[in-house]
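Undergrad: A structural model of the following input is requested.
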Amino acid sequence: MKDFLAYTFITLFGLFLIVFVAVGLRWAWQFPASFTYSNGERIGTLIKFSERGFFIKNWCGDIQVGSITQTDKGIITNYSQNQYDLEFGIDRRVNDQKLIAKINSLAGKPVRIRYEQKSFGGSAFIGCSDYLVTDIQEIR
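TA: This next block holds a predicted model:
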C-alpha cells in the first residue's frame, strides 16, 4: 500500500511539475509581447499586404519607406538608394477587420502608418513582425 501511495504521489507531482513548467514557458513567451518597445509613424508606399501561414493565419505587409516625399506642392515619388522595406503585421489578439479592410484598399498608394513595436521578435501567435500597425492613413 505504501508503494502504491508513493507511486501515485510521484506521478501526480510529475504531472504538476510538467503543467507548471508549460504554463511558465507560455507566460515567459507572451509576457514581453505585452510591452511596447517603441511606437511611431512611417511614411511610404504600401507594396504588399496578405494573409500568411499554414495553420496560424496572420495579416502581414510591406511598406517601402523612403520612396515618397511630402512637400507643400504635394507628394513626390523618388526612388533613391536610401529606401527600404518595412515589414509589419496586425496583432492577432485584436484582429481588427476594419483596419484590415482599410489596409487592403490602400495597396500601392502612399500611406502613413502608426505602429507599436513589440519586443518579442515576431511570433506566429501574435503577428508576423515586431511592428504591429494600429492605424493607416492615405497621404494626399
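Undergrad: What count of nearby residues applies to residue 92?
TA: Neighbours of residue 92 under the rule other Cβ atoms under 10 Å: 18. Just so you know, the C-beta spots here come from the backbone N, C-alpha and C atoms, and that holds for glycine as well.
Undergrad: Read off the pLDDT value for it.
TA: pLDDT for residue 92: 74.
Undergrad: May I ask you to confirm that it belongs to a strand?
TA: No. Under the criterion used here (DSSP: H, G, I helix; E, B strand; the rest coil), residue 92 is coil, not part of a strand.
Undergrad: and it, what are its phi and psi?
TA: In terms of degrees, to the nearest 10, the main-chain angles of residue 92 are phi -60, psi -30.
Undergrad: Name the SS class of residue 23, please.
TA: helix.
Undergrad: how near is it to residue 113?
TA: From residue 23 across to residue 113, the span is 35 Å (Cβ to Cβ, to the nearest Å).
Undergrad: between these two, which one's more packed in?
TA: residue 113 (23 against 10).
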